[in-house]
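Enquirer: Based on what follows, work out the 3D shape:
(2 chains)
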There are 2 protein chains.
Amino acid sequence: MKCYFKEDIESLDRKERLKLINAVSGVKPGNLIGTADRSGNTNLAVFSSVVHLGSDPALLGMIVRPVEEVPRHTYRNILETGYYTINHIHPSFVEKAHYTSAKFDDKVSEFERCGLDAEFRDGFAAPFVKQSQFKMGMGFLQDIEIPQNKTHLIIGEIQQLIIPDDAFSGPEIDLEKTEAVGISGLNSYYRLIKLADFPYAREKEVPRFGKKDGS
Amino acid sequence: MKCYFKEDIESLDRKERLKLINAVSGVKPGNLIGTADRSGNTNLAVFSSVVHLGSDPALLGMIVRPVEEVPRHTYRNILETGYYTINHIHPSFVEKAHYTSAKFDDKVSEFERCGLDAEFRDGFAAPFVKQSQFKMGMGFLQDIEIPQNKTHLIIGEIQQLIIPDDAFSGPEIDLEKTEAVGISGLNSYYRLIKLADFPYAREKEVPRFGKKDGS
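Expert: Take a look at the predicted model:
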């Protein structure tokens, strides 16, 4: 085993630290965020920081890098229009999804440049990714700045949810069947293989594990 | 495809909605959070909401359910002591990890009840999971309440990071090799299969994709 203390992490080369620390949270969900500016120019960007906040209301968060550093088209468009889409990445277009992370000029749509199709549905203001089978139209609710590093937590509510007909295994969504993609670090992509489903854990039904359970 | 609008989601049965909405963010990282109270009583709980916040300083967030609803031992211990551990779940103990989610009495340690070993390292105040090969000692920094649903974003800094010697494939952490586990919904667990690594995306090096790229 390797052990890094705080000072070891701080003294790493910047790129080395970026690669390491971006992987330690474990697998991250691979999503494309679709937006448009006021004039209708579309934007698409890969994000690995979407996080479940609650089911009722149905809320998702995502972390956006500091706004001052470089132009953040996704962030600006969300604040300008109040709408964005979250689109699951699938293995069939994982390379195209990755390259949306390049810094393109404001006038370039990552949809066109990266060979993905913008899809407008039911009058929703932000573009979906046509190639994605699992996607959401989001309404922006709040922007919370993380004081320690000036990143932002963007909170949104699900207004539309589109999923494949065969997304379920029994009562549960099956992300192996829907071909969801995971990310680690900045550059590594994974597919998912179902290991197990377990029942809701009730105290009285917890199995007796090993010799340390006092039984 | 199935399409749910906001009103459809709101009118779902509570359990149905929980299962559905807990899966839509995509794959979530499977981690066990280790804490101890002031008297040294240990606690362990599965969390799927750890999120990368930044690399310099090395910050991670996690979402904790509303504090008023039921006793939240993990949350209380983090605030009491200022320390917690994040431990990757591996397939070898995924069932034990799942059952830490049962509501045990305050006096019961999930370590003992679920057959996992508490490990104290280098004088760190919170217990690690011995069976986990990839784990972090965290110092609590801040507690931000999410106004929409009273969940909390707990922000912490990595003070110790323990990873396997063979965690890397080249310069990147490889979560297939380290046997990280993903979660969807509340009950489904996945292992990871590496799909691809791509280089850092520079604008001039983006491949020409499909016919829509204007070339």
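
Enquirer: Show me where chain A has its helices.
Expert: For chain A, the helices defined by DSSP state H cover A:6-10, A:14-21, A:73-81, A:94-99, A:110-113.

Enquirer: other SSEs contacting the second one?
Expert: Just to be clear, that refers to helix A:14-21. helix A:6-10, strand B:51-55, strand B:172-173 (3 or more C-beta pairs under 8 Å, 6 or more residues apart in numbering or on different chains; DSSP states H and E). The C-beta positions use only the backbone N, C-alpha and C, and glycine is treated the same way.

Enquirer: The second one and chain A in contact?
Expert: Yes - interface with chain A: strand B:51-55 contributes B:V51, B:H52, B:L53, B:G54, B:S55 (C-beta under 8 Å from any C-beta of the partner chain).

Enquirer: and of the helices of chain A, who's closest to B:D105?
Expert: Among those, helix A:6-10 comes nearest to B:D105, with 35.1 Å by C-beta to C-beta.

Enquirer: Return the set of buried residues in that closest one.
Expert: A:K6, A:I9 (16 or more other C-beta atoms under 10 Å in any protein chain shown).

Enquirer: Could you pull up the mean pLDDT of that helix?
Expert: Summarised as a single mean, pLDDT over helix A:6-10 is 97.

Enquirer: now stretch A:34-50
Expert: Averaged across stretch A:34-50, pLDDT comes to 96.

Enquirer: what do you get for stretch A:201-215?
Expert: What stretch A:201-215 shows for mean pLDDT is 73.

Enquirer: can you check stretch A:85-105 too?
Expert: pLDDT averaged over stretch A:85-105 gives 96.

Enquirer: And the helices and strands packed on helix A:14-21: which comes nearest A:V94?
Expert: strand B:172-173 (15.4 Å).

Enquirer: just checking, what packs against the closest one?
Expert: helix A:14-21.

Enquirer: Now with 6 Å, please.
Expert: On a contact count with 3 or more C-beta pairs under 6 Å, 6 or more residues apart in numbering or on different chains; DSSP states H and E, strand B:172-173 meets no helix or strand.

Enquirer: Direction included, what does that strand pair against?
Expert: strand B:168-169 (antiparallel) (DSSP bridges).

Enquirer: Tell me how many other residues surround A:R208.
Expert: Other residues within reach of A:R208 by the criterion other C-beta atoms under 10 Å in any protein chain shown amount to 10.

Enquirer: er, A:Y84 actually
Expert: Residues near A:Y84, counting by other C-beta under 10 Å: 27.

Enquirer: on that earlier part again, in TSV: the residues of strand B:51-55 next to chain A, plus neighbour count.
Expert: Formatted as TSV, the residues of strand B:51-55 next to chain A follow (neighbours: other C-beta atoms under 10 Å in any protein chain shown):
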residue	neighbour count
B:V51	24
B:H52	23
B:L53	25
B:G54	22
B:S55	21
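
Enquirer: Name the nearest of those residues relative to A:S11.
Expert: Of all these, A:S11 sits closest to B:S55, with 13.2 Å by C-beta to C-beta.

Enquirer: Not counting its neighbours along the chain, what's nearest that closest one?
Expert: Spatial nearest neighbour of B:S55, chain neighbours left out: A:I21 (3.9 Å); criterion: C-beta to C-beta, 6 or more residues apart in numbering or on different chains.

Enquirer: quick one: the one you found and A:I163, what's the gap?
Expert: As judged by C-beta to C-beta, to the nearest Å, A:I21 and A:I163 stand 32 Å apart.

Enquirer: How about A:Q133?
Expert: 8 Å.

Enquirer: Ok, A:S188 next?
Expert: 26 Å.

Enquirer: So those two - more neighbours on which side?
Expert: The neighbour comparison of A:S188 against A:I163 (other C-beta under 10 Å) goes to A:S188, with 26 against 21.

Enquirer: Just list the residues touching the more buried one, thanks.
Expert: B:E172, B:D197 (C-beta atoms under 6 Å, 6 or more residues apart in numbering or on different chains).

Enquirer: Same question for A:G185.
Expert: A:G185 neighbours (C-beta under 6 Å, 6+ apart): A:K19, A:N22, A:A23, B:E172, B:I173.

Enquirer: looking at it, the third one is touching B:I173, isn't it?
Expert: Meaning A:A23. Yes - at 3.6 Å, A:A23 counts as touching B:I173 under the criterion of C-beta atoms under 6 Å.

Enquirer: Not counting sequence-adjacent ones, nearest residue to A:H98?
Expert: A:H98 sits nearest to B:F198 (C-beta to C-beta, 6+ apart), 4.5 Å away.

Enquirer: tally of neighbours for the one you found?
Expert: 15.

Enquirer: before we move on, the earlier item: the helices and strands packed on helix A:14-21: which one's closest to A:I78?
Expert: Across the helices and strands packed on helix A:14-21, closest to A:I78 is strand B:51-55 (C-beta to C-beta), at 17.8 Å.

Enquirer: before we move on, back to that, can you lay out the helices and strands packed on helix A:14-21 as CSV showing distance to A:H73?
Expert: Converted to CSV, the helices and strands packed on helix A:14-21 look like this (distance: least, C-beta to C-beta, whole Å):
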stretch, distance to A:H73
helix A:6-10, 31
strand B:51-55, 20
strand B:172-173, 27
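
Enquirer: for these, which one sits closest to A:T42?
Expert: strand B:51-55 (26.4 Å).

Enquirer: Excluding covalently adjacent residues, which one is nearest to A:P164?
Expert: Counting by C-beta to C-beta, 6+ apart, the residue nearest A:P164 is A:Q133, at 4.8 Å.

Enquirer: again with A:E119
Expert: A:E119 sits nearest to A:K130 (C-beta to C-beta, 6+ apart), 4.0 Å away.

Enquirer: Cross-check the contact I'm expecting between the one you found and A:D117.
Expert: Yes - if you go by C-beta under 6 Å, A:K130 and A:D117 touch, sitting 3.8 Å apart.

Enquirer: Now tell me what touches stretch A:78-96 from outside.
Expert: So stretch A:78-96 is contacted by A:30-35, A:38, A:97, A:114-116, A:125-126, A:128-129, A:131-132, A:134-138, A:140, A:179-181, A:189, A:191, B:26, B:195, B:209 (C-beta under 6 Å, 6+ apart).

Enquirer: Go through that stretch and flag the buried ones.
Expert: So stretch A:78-96, judged by 16+ other C-beta under 10 Å, has buried residues A:78, A:81, A:83-90, A:93-96.

Enquirer: Let me know the closest of those residues to B:E205.
Expert: A:E95 (12.5 Å).

Enquirer: how close does the closest one sit to B:P207?
Expert: A:E95 is 7 Å from B:P207, by C-beta to C-beta.

Enquirer: Pull the number of nearby residues for A:K135.
Expert: 25.
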